[in-house]
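Participant: Sharing a model prediction with you, sequence too.
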Amino acid sequence: EVQLVESGGGLVQPGGSLRLSCAASGFTFSSYAMSWVRQAPGKGLEWVSAINSGGGSTSYADSVKGRFTISRDNAKNTLYLQMNSLKPEDTAVYYCAKASDNGAEYDYWGQGTQITVSS
């Protein structure tokens, strides 16, 4: 059974940092691209960042470029998102998502972790 379990969320002041983790199990983690997607209160899903299976290629939404860093440890089956210089508009539920076999969609999602950026 595929499982994706996020952790590391919480309340942080503007300008602060957090690191999210996503522990993966039930599939060959090192074979799949992974992404972080977020949903702010009252808004739709927003893609945040993606990383290829080997970790050598990453991409970011313009809204987080230069502030967030995606990474993965295939030996630990874990995906990370380092978030720096956090802004109130980063407040959202953050989900990790597994790419499908053809990479065209996400076929599994975690339960999400809440990030609140507020003073």
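Facilitator: Done, it's in.
Participant: Return the distance of the residue nearest to residue 100 when sequence neighbours are not counted relative to residue 47.
Facilitator: Leaving aside its sequence neighbours, residue 100 sits nearest to residue 107 (C-beta to C-beta, 6 or more residues apart in numbering; 4.2 Å). Where C-beta positions appear, they are placed from N, C-alpha and C, glycine not excepted. Counting by C-beta to C-beta, to the nearest Å, the gap between residue 107 and residue 47 amounts to 15 Å.
Participant: residues near residue 29, how many?
Facilitator: Counted by other C-beta atoms under 10 Å, the residues lying close to residue 29 total 23.
Participant: Number the residues from 4 up from this point.
Facilitator: New numbering, starting at 4: the last item is residue 32.
Participant: For residue 28, the count of nearby residues, please.
Facilitator: Around residue 28 there are 11 residues (other C-beta under 10 Å).
Participant: try residue 121
Facilitator: A total of 10 residues lie near residue 121 under the criterion other C-beta under 10 Å.
Participant: just residue 20 next, same as before
Facilitator: Around residue 20 there are 11 residues (other C-beta under 10 Å).
Participant: in this structure, what spans have low per-residue confidence?
Facilitator: Nowhere does the chain drop to pLDDT under 70.
Participant: Which stretches in this protein count as strands?
Facilitator: For the chain, applying DSSP state E gives strands covering 6-10, 13-15, 21-28, 37-42, 48-54, 61-63, 71-76, 81-86, 95-102, 109-112, 116-120.
Participant: what residues are up against the residue nearest to residue 103?
Facilitator: Taking C-beta atoms under 8 Å, 6 or more residues apart in numbering, we find residue 110 in contact with 101-104.
Participant: what's the closest of the residues you listed to residue 121?
Facilitator: residue 101 (30.4 Å; C-beta to C-beta).
Participant: what bridges to that closest one?
Facilitator: Taking DSSP bridges as the rule, residue 101 bridges to residue 37, residue 111.
Participant: I'd say it and residue 28 touch.
Facilitator: No: contact status for residue 101 versus residue 28: not in contact, 11.1 Å apart, counting by C-beta atoms under 8 Å.
Participant: Looks like residue 54 contacts residue 33 (just checking).
Facilitator: No: counting by C-beta under 8 Å, residue 54 does not reach residue 33; the two are 11.6 Å apart.
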